[in-house]
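*Asks:* have a look; sequence and predicted model below, questions after that.
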Amino acid sequence: MIPLRDVIPSRTTPYITVTIIGLNALAWLFEVSLPHEDLNQFLATFGVVPAYFAWPTLITSMFLHGSWSHVIGNMWYLWIFGDNVEDRVGHGRFIVFYLLCGAAAALGQVAVDPESMLPTIGASGAIAGVMGAYFVLYPHSRVLTLIPWIFIQIVELPAIFLLGFWFLMQLFSAGTVAVTAASHGSGGVAFAAHVVGFVVGVGGVFVFRKRQLDPWEPREYY
């Protein structure tokens, strides 16, 4: 299932979401400009390598990607869900929230596979946190979704269903990958990072969100 857009307009300009997308795009263009050997060294230096862990890479790794589909897919999800979460938590707090979710997600992947020498890169852990926040803040929202099964269909799905299904798929995949890695080595998609990022987003948004009255909440006038 591929989300196309949600139904909730943002009330403020999502400066931070747009800036994050721009930074990721610039980093990706820099990556594709590097020769293959230099790129491998660059990713090993600025990606999270569990076996040679360095704290600064928790931040740098979330602005790097491994393919066009990787970066485009991540930025698309951020564009759909990030503006509303930024709207609800505020621009400054959104920066901190995003980076904390991404760092926690990377640490989760390190904990699952601490001996791996492969660099973990990508914004998906941080974006999973944004999706977790959206899951909490806008459970009644609906998302226009492309379903490419036997026949391509475009339907409106409840956000709580779409994001809940996505999380369960990541959780199942993380378990499958963990079993496979135990016997055949690791590599591929860091599903554990997605799971941790989403969970941190679900819990963390209660700390970061601004208090506001929803349209259906009762008000008192003096």
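*Replies:* Thanks, I have the structure now.
*Asks:* could you give the number of residues near residue 78?
*Replies:* Counted with other Cβ atoms under 10 Å, the neighbours of residue 78 add up to 24. Glycine gets a C-beta too; all of them are placed from N, C-alpha and C.
*Asks:* which non-adjacent residue is nearest it?
*Replies:* Beyond its immediate neighbours in the sequence, the residue positioned closest to residue 78 (Cβ to Cβ, 6 or more residues apart in numbering) is residue 127, lying 5.0 Å away.
*Asks:* if I look at residue 87, how far off is residue 209?
*Replies:* Here the criterion is Cβ to Cβ, to the nearest Å. By it, residue 87 lies 10 Å from residue 209.
*Asks:* cool, residue 75 as well?
*Replies:* Relative to residue 209, residue 75 is positioned 23 Å away (criterion: Cβ to Cβ).
*Asks:* correct me, but residue 42 touches residue 31?
*Replies:* Yes: taking Cβ atoms under 8 Å as the contact criterion, residue 42 and residue 31 are neighbours in contact, 7.1 Å apart.
*Asks:* those two: which has the busier surroundings?
*Replies:* Of the pair residue 42 and residue 31, residue 31 is the one with more neighbours under other Cβ under 10 Å, namely 20 against 15.
*Asks:* who's in contact with residue 124?
*Replies:* Each residue near residue 124 by Cβ atoms under 8 Å, 6 or more residues apart in numbering is listed here: 74, 105, 190, 193-194, 197.
*Asks:* buried among those? Make that a PyMOL selection.
*Replies:* Filtering these down to the buried ones (16 or more other Cβ atoms under 10 Å) takes a single PyMOL command:
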select buried, resi 74+105+190+193+194+197
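*Asks:* no further questions, thank you.
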